[in-house]
Every structure is written in structure tokens, then in C-alpha cells.
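Chemist: requesting a structural model of the entry that follows:
(chains A and B)
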Amino acid sequence: MKEIRLSGITKRFGETVAVSELNLEVERGEFVTLLGPSGCGKTTTLRLLAGFQPPSAGFIEIGGRVVSDVERNIFVPPAKRRIGMVFQDYALWPHMDVFANTVYPLKIAGVNRKERQDRVDQILTIVKMSGMQKRFPHELSGGQQQRVALARALISDPAVLLLDEPLSNLDAALRDDMRLEIKSLHQRLGVTVVFVTHDQSEAMSMSDRIVVIDLGRIQQVGTPESLYDDPQNRFVASFIGRANFFKVSVRENKLMIDTGERLVPLDAERVTGSLREGLGCAKPADIRLSQSEAAGIPCRISNFLFVGDHVVYHVEIHGLKLEVKTTDRSFASLTEAAVCFEKVVLF
Amino acid sequence: MPDSLRRRELWLSKRSGLPPLLGWAGLIVVAVITGYPLLKLFLRMVQFNGRLSLEGFRVAFTASRYLIPFRNTVVVGVSTTLISICIGVPLALIAGRMDIPGGKFLRVILMLPYLIPGFVFAFAWREMIGPVGYLNRFYMALSGSKEPLFYIYGPFGVILVLAMHGYPMVYITVVRALQNMNTSFEEAAEVAGARGFTMLRTVTLPLMLPAILGAALLVFASSIANFGVAAVLGIPANFYVLTTQIYATILSYGVKNNITIASCLSVYLIGAGLLFLWLQERIIGRRRHVVVTGKGGRRDLLPGGSHSWLYTLCLGLFGVAMVVLPLAAILLSSFIRAYGLAPSLKNLTVNHYASLLTDTLAVTALKNSLLFAVVTATLCVAIGLLIVLITERSSMRGRRFLDFLATAPRSIPGTIIALAFIIAWIRPIPILGFSIYNTAVIMILAYMSRFLGYAVRTLTASLKQIALSLEEACLISGGKNRHRVFDVLLPLSREGIASGWLLIFIPTLNELTISILLYSSGKETIGVAVFSLLQEGLIGRASAFSIVIIITVLLGDRLLFLVSRGKRSLLG
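Modeler: So this is what the prediction gives:
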């Protein structure tokens, strides 16, 4: 069952095209993340979904109902779309306390007083904010404000929950807690979630599916694993985790790495993708270092960074600089070693 | 996404947008209180002897009796501006920037003249160095001379008192610019070896130049638009500037085509006002980019150093001579039994104050002013809100023009607004068949025309500070536009609403310029009453009234301090 359908969605602001020909379907109960750098169009897409703006072309369906269609001149305002939303700055009304903020959607919907109180009690318990109903936003920590914003977004039992970079204003430790919290809320309530972020690790750890967007276009859609393992273009490969890129060419039916100084045969254990742009890509963790030169391509170790649970080595093959990630610290004292590619993706 | 687009798109389509009816209402009000009267004023300029003609301009621009006020206005404007800069800039560099003994108290004293209405301060100066002012009498008694030491009437007095009004504007603008200046500019100069006066000359003052220019424009514009000071100190010496000449021409019922000539004379001041608006836009626009750049710490007050007591002494003497003594003079006059009596204990009385509560004119004036001020401030804030919703949150066509029309009268002298109202509303309104001339309605509408811009500016600032997500959160919670306005926008702009109300209430309460031309019997205001009492020579009562005015403006400033949490108060 599709909860959300975006078809041919385009949004222009004057001359600039923020979102271009975007097609996407989201299953009921799915957790989908829109991932991309700032200005890529992900927030615009979310706002089109929320109904803060009409698209310039295309149509949007939520729960099987058309909420926005340029051709048929249909536009359902945000209030009637059965969505909840958490804003990047939480957008808690500073002149209302926690209770008043949370109950607001019910008040507008005309729910009676008794039921309002019950539902506020219930939802605040779910987000672990019970007993704080009389506090004002400025008396709450960032994490607590976040919980209240979630409670307000969820109180009228929306079909879809939109989250606009909700974790970007929290400090690192709290961010990890809230990731788990949001994920378990999603599992518990079964609500469909559309999450917007520019942080790939956030996207990887929380989502059922990730939609990578750049320059207003979808670059790739897939599960976190498939994006990591099989990036379909250079942008996705560079945006999901770190990646080494190098020139690759074919000589006498063999793949060669062009280091800039010379051509070196590319002997990888696994090669995927097809050579279109003449580029190869290897994740730092997909390159192995060994001490015997026979095991691979000879290299010079120019630098190393000790990060704690792993080490990042900077190595050089005839002028080509590569990053290698491993748990093996023994190369720190060496200047010469050999590299071996475990996996290379070609573009 | 551009924020401005986000704002516009918030009101979306017809279905959830601002009801067109409200948009029209805003437009109609502004058309009635500003657009129509100004249009009638312009049309009147080309009517001479009941025919279409440019004769009015010829008379206004060539007859010597109208050329002299023009020349006087230029002289007054330029001298006032120069003096204000010469006082205001050093004052800002010393009192606004250095930690000197008694600095806080000195700042309050030195800012005081700005709060006090011009005609009241002119009157206070008259009590000090007028023909029978205390200082002149003291000097004559001491020296046996028959001639007073100072002669306040004429250009000297007008320029002096206007400059007392002008230098605080310079001070405020320059201090604000100094506070916003990136401290690293000066720090870099210090590192490069510049110190003291060299740094001031080569770095600080050049950086302050846009601010000083802006302030100069402001002082020039407000001094050529001033009526009260020129009326109290200029007219007795037959020294007319454009505003007082227009006033006198309107009242010259015997002169043929007097209203047309007065309208044509207005062209100078309207032109200057529009030029001012344009220049201000350009200078402020530039300043935003030059000085008020992000990083760099805000500087605390600099240590005064070894000269700090000298500074305090100089500023203290200046404050006493220019502010304290005139105010003391008017205070004294308000307690003297009969005008001209020596200020000794047996000549003192509180009768003048008591008469404010019994005298018909005084009581009427107090009641009227209070009523007019409450109504004007309330209507201005309500209409201002409507206009700001249109200009800030809708994509209605012509919203920029609406904003311009609503705020432009801030740079048009009150005298001209009153003139435009006389021309527009003296005849019965077509269809309705009655005239609002000689009623309270015309006065309130004219006040609104003059002060609506204050509400619009304050509320615009307020609305710009409200994060858009707060409104979006309301919409997504199921709210309609009315919820957005009443549950989110209004509660969050309480401070702007209260400040805007006070910023209009206080000047309306003490308004003289418009009132003196539009009042009718029974509709006298405080300003009119003081002006009439002065002309009738009832100095004691006029002084007592003036003291009441001074107390209200001080209270008003305190209230403003409370509601804006210190932001909008002048005295801090």
C-alpha cells in the first residue's frame, strides 16, 4: 500500500529550479530519508509534501488522495493533509507551555476537553515528557524541546510524519539518543516517516530507504546497504561514506589505474559497475595494506591518523594519493608497504 | 529558498490566503488618510482664481515675501545640522563610548531635549533668555544695563533650540554605529601603531561617515519640517520659515488664492522629504554592508583615562547650560504668581497647576488630547497590523506602494498634512452630504496619516523577528489563517504592538502642528492650549501645562522602557 506518491514534481523559484521531475513512492509505515547537501532540494520537497507551497508541475498523493495537482488545479492546504511535522528549530510557540503547545492541534480540531487532556497525557508519556506540562519552551533543554515538538506532531494521529533535520540542533551525545528514540517511536506507532537530513550517518542508521538528492534530482534510491555497496554514480559514492577516486582506463583489455605518473594494473578482488566516466572508486575500508610487496601495488605511507577504534593511513602510489582505513596499527612505523584493492566500483 | 518567497507563499492561494476584503480595507484607509488628501493638495497647486494655471507657482517662487522664508529655511536647516553634528559627534565619542564619572546620569540629561516637544523646549528657553527671561533680568540687574544680554527671538533662538533637538539624533545614530562597528577595524589600526587622535581621524571617523551623513540628513529634514520652535521663537521677531509661512498664508483669509499659494510653497518641503527618503534608503543600504558586519566582539565602554574628570566637567557644564537651566526656568515660571515678578518665596504659588483642573480650556484640552491620542494610537496599531500583514505576508499586488503610502507622511511636515486635509475635507463629502471639517474626526484622521508610519515600521520589525516555522507549525496543526494571526502572530508581537501604541500615543498627546490648523472651538488640544496661553501672555498657566507635558513624556519613555525591555527607550 502506497502512502505517498510524488509524480513529476518540479518546483521553480523564478529562474532557479529547486526540484526537477521528481518521482517517488513511499510504502505505508516506511521510514524514508531524503539525503543530500544543503540546497539540493530535499527541504523544498518536504515543504511541497507538507503543502506550504504548491509545486510548479506534477502531482502528489497522500493516503491515496490527490493533495496537489498542478494540471487539475487541486491544492489541499497543510491542515487537511493528515500530516505531522517537526521543524529544524522545533517551532515551539514561546508564549505557550508544553501542554498548550501539544494540545493545540486537538483544540483546533474541536476535540472535547476531557479527551484532549487524556491524549496529551498519553502522548507526553510516549515521548517521556510527562510531568512537564506546565513548563515553557525556554525552560526546556534542546532534547526536551525536540520531544515536545514530536508530541505535537503526533498528537492528532497523522498518517505521515515529516521530520526536517530535527537532530541538527542537538549536541552529539543527545543526537545518538534521539536517533534511537525516533526510530523506536516509528516502530511503535507504525507511522510513515519522511526524514530530511544532510548527515549520511543519520540517514544510514535510521532509514528503511534513502533517497539521495543532488541539484534537485534524485541520484539514487535504495536501502542503506545497497547505497553503500552499489553506488550508481560518483556523487552517491562520495556522499555515502568517504571514497577514493582515481582515473581508470583500458589497455589491451586490462583495467589500468592512471596515477598521473604512470599506468598501474588494477587487480581488484571484486569489480562492479561499468566504465563510463573513466573513474574507479574504492572506499578506504575496501583497500588492504600488506607488508610484502608481492601482495599488491607498492606504495609509500605518507601519514597516518589514529582515530581510536581504527587508523587512517594516507598512502601514495606514484603520485596517486589514497586513504586506507584499517584496525591494524602496525604500519604506523613503516614508510613502504603494498596496497591491494578488495573492491572497486567503476563509473 | 529565498526567505522573502517563503513569506509570500505562506498565504498560498485564494482558499487559504488573506481575505481580499481585508486587503482592500487596508488600501482604502490609507487612500482616505494619505492618498486622497495629498492628491487634492497637488491638484490645488494648479488652481488660480478658479482656473487651471501655474500662476500659484510663479507667485510662490518669485514674490519676495515667499522667497525670504525659503532662504530662512535653508539657513536654519544648514546651521542646525552643522551645529548638531559638531555637538553630537564628540558627545558620542565621549559620553557614548567612554567610561567617565557620572556617565549614565549625564547621558540621561543630554538626551532629554529630544523627548521634549519642540515648542515646549522653545518656551523653556524663552523663559531663560527671552526679553524677560531670568538670565537676562539677572544680567541687567547686575550690570545696570538696559539691554538684555541675549535676544532669543529670530534666527539665533530658532537655530539654537532646533540644534538642541538635533544633536541627540546625531548622538544616538553615531553611538549605535560605534557599537555595531566591527572592533577588529580599530584593533588592526592599534596593532599598526595608530593611537588616539590618529586612529580617530584615519579609521573611526571614516567608518562613521555614513552614520554621520545619515544623521545629518535626519536633522536637516526634521529641522526644516519643524513648526513649533519656529512659531514660538521666530514669529515674534517676524522671522518666518516655510512651515510658519505656510501656516500664516493659510490663515491669511484676506489674501486671494492663499490656499493655492500655500500648496505651492509646500512643494519645497515635500520635495525635500522625498529626497530625504531616497537618500536615507541609499545611505542606510550602504551602511548595512560597510560597518555592521558580523564578527568581532562588541566593545564595552572604553576606560576614560586620566582626563575622565575633565570630560565629566565639560559635559556637565554643557548639560546644565543647555538643558537644566531652561527646564529650571520654565519650572520656576510655573510657580510665579504673576509674570515678571521676581522669583522670591512670597511670589510663589501653585495656583497655575490648580487652574489646569478648573479652567475650561485646560480641562477641555486635556480631555481632548487624551481621547484623540488613545483613539489615534489604537486605530494606527490596528490598521498598521493589517498593512504589515499585507506587506510582509501576502503577495497582493501594489503592496510596496501601500507600504510607501503608509510610511511616507513621516517625512512630510505636519503643517502640510494639515493643509492637505483642509483642502480635501473642507467641503461636504460627496454622496454622504456632510463635512468632517471642524470635527474631531478630521483631527484624528490627520494624526493617523502622520503617525501610521510609526506603527507600520515598528510592527514590520516585530513580524520580521518571528520565525516562519512558528506559523507553519500552526498551519500544519490544522490552523487556518485566523489561528495563525490570533494564536501566533499577535501574541508574539505583543511587544511591538505595545511599543508602537506608545510611540504614537505620546507625540499625539502633545501634538501642536496639525492641531493648530485643524482645531475648532471645543476641540482644543494640549498643544493648542499652551500655544494660545502663550499668545495671551498667561505664562504661569502655560508653564504649568508645559511641566505636565514634560512629565508625560518622561513617564511615556519609562513605559516604553518597560514594554520594550529597554530597547526603545531613549533615556535607558
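Chemist: residues of the stretch 101-250 of chain A that sit close to chain B?
Modeler: Residues of the stretch 101-250 of chain A lying close to chain B (Cβ under 8 Å from any Cβ of the partner chain) are A:104, A:105, A:108, A:109, A:152, A:153, A:156. Glycine gets a C-beta too; all of them are placed from N, C-alpha and C.
Chemist: ok, 10 Å please
Modeler: By Cβ under 10 Å from any Cβ of the partner chain, the part of the stretch 101-250 of chain A that sits against chain B consists of A:101, A:103-110, A:149, A:152-153, A:155-156, A:158, A:162, A:164.
Chemist: mark which of the residues you listed are buried, thanks.
Modeler: Neighbour counting by 16 or more other Cβ atoms under 10 Å in any protein chain shown classes A:101, A:103-108, A:149, A:152-153, A:155-156, A:158, A:162, A:164 among these as buried.
Chemist: so of the residues you listed, which ones are in strands?
Modeler: A:162, A:164 (DSSP state E).
Chemist: closest to residue B:187 out of the buried ones among the residues of the stretch 101-250 of chain A next to chain B?
Modeler: Relative to residue B:187, the closest of those is residue A:164; by Cβ to Cβ it sits at 39.9 Å.
Chemist: read off the pLDDT value for the closest one.
Modeler: Listed pLDDT for residue A:164 reads 93.
Chemist: I figured it hits residue A:42, correct?
Modeler: Yes: because the distance of 9.1 Å satisfies Cβ atoms under 10 Å, residue A:164 is recorded as touching residue A:42.
Chemist: joint contacts of these two?
Modeler: A:34, A:194, A:195, A:196, A:197 (Cβ atoms under 10 Å, 6 or more residues apart in numbering or on different chains).
Chemist: now the first one, what's its secondary structure?
Modeler: Using DSSP: H, G, I helix; E, B strand; the rest coil, the three-state assignment for residue A:34 comes out as strand.
Chemist: excluding its backbone neighbours, what's nearest it?
Modeler: Of all residues not flanking residue A:34 in the chain, residue A:42 sits nearest, at 4.0 Å (Cβ to Cβ, 6 or more residues apart in numbering or on different chains).
Chemist: sorry, back to before: okay, among the shared contacts of residue A:164 and residue A:42, which ones form the most distant pair?
Modeler: Largest separation among the shared contacts of residue A:164 and residue A:42 by Cβ to Cβ: A:194 and A:197, giving 10.9 Å.
Chemist: which strand or helix spans residue A:84?
Modeler: Element membership of residue A:84, judged by DSSP states H and E, is strand A:83-86.
Chemist: about what we covered before: what about the residues of the stretch 101-250 of chain A next to chain B, which are in helices?
Modeler: A:101, A:103, A:104, A:105, A:106, A:107, A:108, A:109, A:149, A:152, A:153 (DSSP state H).
Chemist: OK, contacts around the residue nearest to residue B:93 when sequence neighbours are not counted?
Modeler: Once flanking residues are discounted, residue B:93 sits nearest to residue B:200: 7.2 Å by Cβ to Cβ, 6+ apart. Residues near residue B:200 by Cβ under 10 Å, 6+ apart: B:93, B:186, B:189, B:194, B:206, B:208.
Chemist: related to what we said a few turns ago, how far is the strand holding residue A:84 from where the chain is centred?
Modeler: Here strand A:83-86 is found 18 Å from its chain centre; the criterion is Cα atoms, centre = their mean, to the nearest Å.
Chemist: again with stretch B:149-168
Modeler: That offset, for stretch B:149-168, works out to 17 Å (Cα atoms, centre = their mean).
Chemist: so for that stretch, mean pLDDT?
Modeler: In this model, stretch B:149-168 has an average pLDDT of 93.
Chemist: that one: which residues count as buried?
Modeler: For stretch B:149-168, by 16+ other Cβ under 10 Å, it's B:150, B:152-153, B:155-168.
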